[in-house]
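Engineer: Sequence first, predicted coordinates after that:
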Amino acid sequence: MLANIPFSLLELAPMREDTSVSETLQKSTQYAQHADQLGFHRFWLAEHHNMPGIVCAATSILIGHIAGNTQKIRVGSGGIMLPNHSTLVVAEQFGTLESLYPGRIDLGLGRAPGSDPVTSQALNSDLRRADNFPSEVSELQQLLGPYDGKHSIRAIPGENTNVPLWLLGSSLFSAQLAAQKGLPYVFAGHFAPRFLHDAVALYRREFKPSETLKVPYFMLALPLVAAATDEEAEYLSTTSKQRVLALMRGKGLWLKAPVNSMDNLWNAQEKAQVDNFLSLSVIGGPTSIKHKLEIIAQQLNVDEFIFTNDLYDSEKRHQALDILMSIKQ
């Protein structure tokens with residue numbers, strides 16, 4: 001079953017406190033190159049702002065860098081938070097990327113700010129801009145499509161590049177919009193599992209074929225911790241747990257070394273919150289990982305998986321990709 005499901009990666013450019021931004025981005029580049037060599041389908045970068053420990057704020061710049069340092073893998077955004085940007089600028093940037101790396105660029109779109117409300121206002125003073133998300137998606141489709149001879153505003157470059165659009169979401173809103181527009185849909189299971197089943201069911205039920213897509217296409221984002229054994233994977237997973245705990249406490253999101261036990265780091269309520277946040281985590285050795293993914297793929301009819309893989313040690317992070325691709329055999 002898994003042999004026919006593309007595997008992709010979602011990157012947040014996670015940073016350790018003892019490294020620089022330059023070193024972190026170099027590691028992300030090497031990570032993408034390893035994924036490219038292994039045959040991963042996509043490498044997407046998320047947009048986040050004002051989050052110490054996550055250095056992917058300038059998403060389109062990183063996409064160009066990664067695309068320029070890889071050969072075959074598709075590179076894109078997971079996603080561009082559209083309320084933070086002019087649709088024309090997004091079309092020009094991604095039209096440029098598509099022109100530089102033809103057939104390899106994806107434009108995933110979200111309507112969240114990608115940060116806290118104060119930072120969101122610094123990015124865009126109109127806090128109701130997210131209400132315009134459906135119309136702005138339509139604007140992007142028009143700007144990236146062939147010129148119709150009517151509109152005075154044209155994305156040059158961008159026009160007629162037809163960069164593939166994806167809608168990202170963690171609720172029913174984007175699922176419904178993706179269905180209405182006949183676009184592929186990605187559910188953010190790596191941090192918001194609550195509405196997963198309802199969103200997928202809604203997307204498939206209400207999907208309307210379009211020139212872009214004739215049948216629904218659903219990609220699921222999942223947190224991954226793969227290691228040689230189940231025990232090692234559980235140990236390595238404490239890095240992600242510490243970061244989610246820091247997020248809930250309003251602290252910096254630095255990658256922290258794994259620990260033997262989380263017992264002294266959180267209370268019962270915090271543990272429950274972290275466990276809920278990461279409830280879709282796929283943690284284990286090769287056999288466990290394969291079994292868990294097969295169950296999820298069958299239950300939800302997943303067309304593609306995209307994984308976060310935020311391990312403290314870069315070598316372990318690369319090994320996790322080796323393990324993940326080995327189970328497709």
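Structural biologist: Thanks, I have the structure now. Values in this document were obtained by computation on a predicted structure and should not be read as measured data.
Engineer: use CA for all of it now, contacts and neighbours both
Structural biologist: Will do.
Engineer: Sketch out the strands for the stretch 151-300 of the chain, chain order is fine.
Structural biologist: Under the criterion DSSP state E, counting those that start in this stretch, the stretch 151-300 of the chain contains strands at 165-169, 185-187, 218-226, 282-284.
Engineer: Quick check: which of these is buried the most?
Structural biologist: With neighbours taken as mean count of other Cα atoms under 10 Å, the strands of the stretch 151-300 of the chain reach their highest mean count in strand 185-187, at a mean of 28.
Engineer: So in that sheet, which strands flank that one, and in what orientation?
Structural biologist: Strand pairing for strand 185-187, determined by DSSP bridges: strand 165-169 (parallel), strand 218-226 (parallel).
Engineer: quick one on the thing from earlier: just send the strands of the stretch 151-300 of the chain back as JSON lines, with mean pLDDT too.
Structural biologist: Compiled in JSON lines, these are given as follows (pLDDT from 0 to 100):
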{"stretch": "strand 165-169", "mean pLDDT": "96"}
{"stretch": "strand 185-187", "mean pLDDT": "97"}
{"stretch": "strand 218-226", "mean pLDDT": "97"}
{"stretch": "strand 282-284", "mean pLDDT": "97"}
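Engineer: Pipe those strands into TSV and attach distance to Glu315 per row.
Structural biologist: As requested, the strands of the stretch 151-300 of the chain are arranged in TSV below (distance: least, Cα to Cα, whole Å):
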stretch	distance to Glu315
strand 165-169	30
strand 185-187	28
strand 218-226	12
strand 282-284	17
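Engineer: Low-confidence regions, the chain specifically.
Structural biologist: Residue ranges of the chain with pLDDT under 70: 113-116, 125-127.
Engineer: Report the contact partners of the residue nearest to Gly285 when sequence neighbours are not counted.
Structural biologist: Counting by Cα to Cα, 6 or more residues apart in numbering, Gly285 lies nearest to Thr229, which is 4.2 Å off, once chain neighbours are set aside. Contacts for Thr229 (Cα atoms under 8 Å, 6 or more residues apart in numbering) come out as 284-286.
Engineer: Of those, which is the nearest to Thr238?
Structural biologist: Distance to Thr238 across the contacts of Thr229 (Cα to Cα) is lowest for Gly284, with 12.8 Å.
Engineer: Run a quick neighbour tally on the closest residue to the closest one other than its chain neighbours.
Structural biologist: Among residues not flanking Gly284 along the chain, Asp230 sits closest, at 4.1 Å (Cα to Cα, 6+ apart). By other Cα atoms under 10 Å, the residues close to Asp230 number 18.
Engineer: can you tell me how far Asp230 sits from Pro286?
Structural biologist: 8 Å (Cα to Cα, to the nearest Å).
Engineer: Please apply the same query to Ala192.
Structural biologist: Distance, Ala192 to Pro286, using Cα to Cα: 25 Å.
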